[in-house]
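S.K.: Predicted coordinates and the sequence they were generated for:
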Amino acid sequence: MPDEFASVTRNDALADVIAAEIAAGGPIPFARFMELTLYHPALGYYRSGRRRIGARGDYLTSPHLGPVFGAIIGRQLAEVWERLGRPGRFVLVEAGADDGRLSADIAGWAARARPEFAAALAPLLVEPDPATRDLQRRTLATATTGHPPLWLDTLDELTAEPVTGAVLSNELVDAFPVRLFEVRGGTAYEVLVGGDAGRLVEVVADVPAAGLGARYRWAAARLADGARFEVNEAASRWVAAAGRALARGVVMTIDYGYPFARLYAPWRTQGTLMAFYRHTAVADPLAHPGEQDLTAHVDFTSFAAVGRRVGLEPAGYVSQREFLTNLGIHEAVVVAGLAFEETAARRRAVLSLCDPAGLGRVRVLLQSRGLDAGGLRGFAGAPRAWDVLLDGVPEEIQQEFV
Ligand SMILES: C[S@@+](CC[C@H](N)C(=O)[O-])C[C@H]1O[C@@H](n2cnc3c(N)ncnc32)[C@H](O)[C@@H]1O
């Protein structure tokens, strides 16, 4: 008997949009598929107005574990503000802020702990999606910052008038569309998305990928037959825009990722592309278009290299666990007079945020412009960021990063 009810688990309208594009022009690059599935203006995963993050969504991010995460980032940003000479306006640019709780938590901490810093704070959210922007407006309505929050569609709008402050993102860059490649005989071939009898299927191009830099040719030559890897070109555009947006201050990027030689290591056979649907990893990235999240780890070496070309110095690169610990996150659970339930909840949040097998392995990259960012508290005792990022890259390939 035919099913007379429409599917509640499939985004059929988006699948039709993708199928129509393939029918008109042939297989599309994976990055184009990812752009449509995550960011189609009406039907994309991040655009259809549904809550994606949190206990009832598809996955959890650090700001959802409680305000302690924002408080610790606030501590680090207040130190940056001091190093900048305590400017009267410190613009806190956050992109990909979801419901805005991280910016709100930083502002809340500043109002309680550092009122002079709160008085300088000027939140600026980069958010093109109107529904998400409304949500952010509601979250930030009660924030007491010296300057009222503002919104922009893209970071590029700041190029004309760069700001003093910070460009902050948490799990933004790993959500950018990536190109996907498969290795055959030491050479990379691009993986495209095509159609077959009404289904989306992967199509591996029959000619080697053209225009990939020497770093990827080096990586492909060491990878096994059939191995996959991703290239996040949007990440490079993003950090270049961040550099142009900032007159003085820091870019703080918190994300899953590795230095180049670890991300493209010969033992990694399946790249890092992951699909999440209701807290479960899904093997097929083409399943549930518009209904499941897709992410790929960030190549922090390429990211920092592009930053250097636009005047951002890599100033610190540590795990989230090290960063939060250095900034005293454990103090949050030893506050005198705290109710037992509150202490227990904080302890759970701190353990999750620092879990070496979970959120604790997220990386924090700090890039700076126009200030002495050496020895900032969150990065204390860490080796020089640029050395860590170039580790394992042979001399001749390092030329591409400098
Ligand atoms: C994985 S979520 C992270 C949300 C939040 N930062 C958190 O930690 O919970 C990624 C977010 O980045 C947004 N995003 C992706 N590309 C963007 C861009 N170019 N500008 C602004 N936001 C973007 C997505 O819409 C999504 O809300």
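M.R.: Thanks, I have it. Numbering: from 1, shown residues only.

S.K.: Near the ligand, which residues of the stretch 151-300 of the chain? Just list them.
M.R.: Residues of the stretch 151-300 of the chain lying close to the ligand by C-beta under 6 Å from any ligand atom are 170, 171, 172, 175. C-betas here are computed from N, CA, C, even on glycine.

S.K.: how close does the third one get to residue 305?
M.R.: Right, the one you point to is residue 172. Residue 172 sits 19 Å away from residue 305, going by C-beta to C-beta, to the nearest Å.

S.K.: just the second one next, same as before
M.R.: With the distance defined as C-beta to C-beta, residue 171 ends up 21 Å from residue 305.

S.K.: returning to what we had before: between the residues of the stretch 151-300 of the chain next to the ligand, which sits nearest residue 14?
M.R.: Nearest to residue 14 out of those is residue 175 (C-beta to C-beta; 16.8 Å).

S.K.: how many neighbours does the residue nearest to the closest one when sequence neighbours are not counted have?
M.R.: Excluding the flanking residues, the one nearest residue 175 by C-beta to C-beta, 6 or more residues apart in numbering is residue 295, at 5.8 Å. Residues near residue 295, counting by other C-beta atoms under 10 Å, number 22.

S.K.: Residue 343: helix or strand, and which one exactly?
M.R.: Under the criterion of DSSP states H and E, residue 343 resides in helix 340-354.

S.K.: Okay, buried residues for that helix please.
M.R.: 345, 346, 349, 350, 352, 353, 354 (16 or more other C-beta atoms under 10 Å).

S.K.: and the helix or strand that comes right after it, what does it pack onto?
M.R.: Counting by DSSP H and E, the next helix or strand C-terminal to helix 340-354 is strand 363-369. Using 3 or more C-beta pairs under 8 Å, 6 or more residues apart in numbering; DSSP states H and E as the contact test, the elements touching strand 363-369 are helix 233-245, strand 246-255, helix 300-309, strand 313-319, helix 320-326.

S.K.: Distance from the chain centre to the first one, please.
M.R.: Helix 233-245 sits 12 Å away from the centroid of its parent chain (C-alpha atoms, centre = their mean, to the nearest Å).

S.K.: And the third one, by the same measure?
M.R.: In terms of C-alpha atoms, centre = their mean, the centre of helix 300-309 is set 15 Å apart from its chain centre.

S.K.: Buried residues in that helix, which are they?
M.R.: 300, 301, 302, 303, 304, 305, 306, 307, 308.

S.K.: Make JSON lines from these and add pLDDT to it.
M.R.: JSON lines is the format used below for the buried residues of helix 300-309 (pLDDT from 0 to 100):
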{"residue": "300", "pLDDT": "98"}
{"residue": "301", "pLDDT": "98"}
{"residue": "302", "pLDDT": "98"}
{"residue": "303", "pLDDT": "98"}
{"residue": "304", "pLDDT": "98"}
{"residue": "305", "pLDDT": "98"}
{"residue": "306", "pLDDT": "98"}
{"residue": "307", "pLDDT": "98"}
{"residue": "308", "pLDDT": "97"}
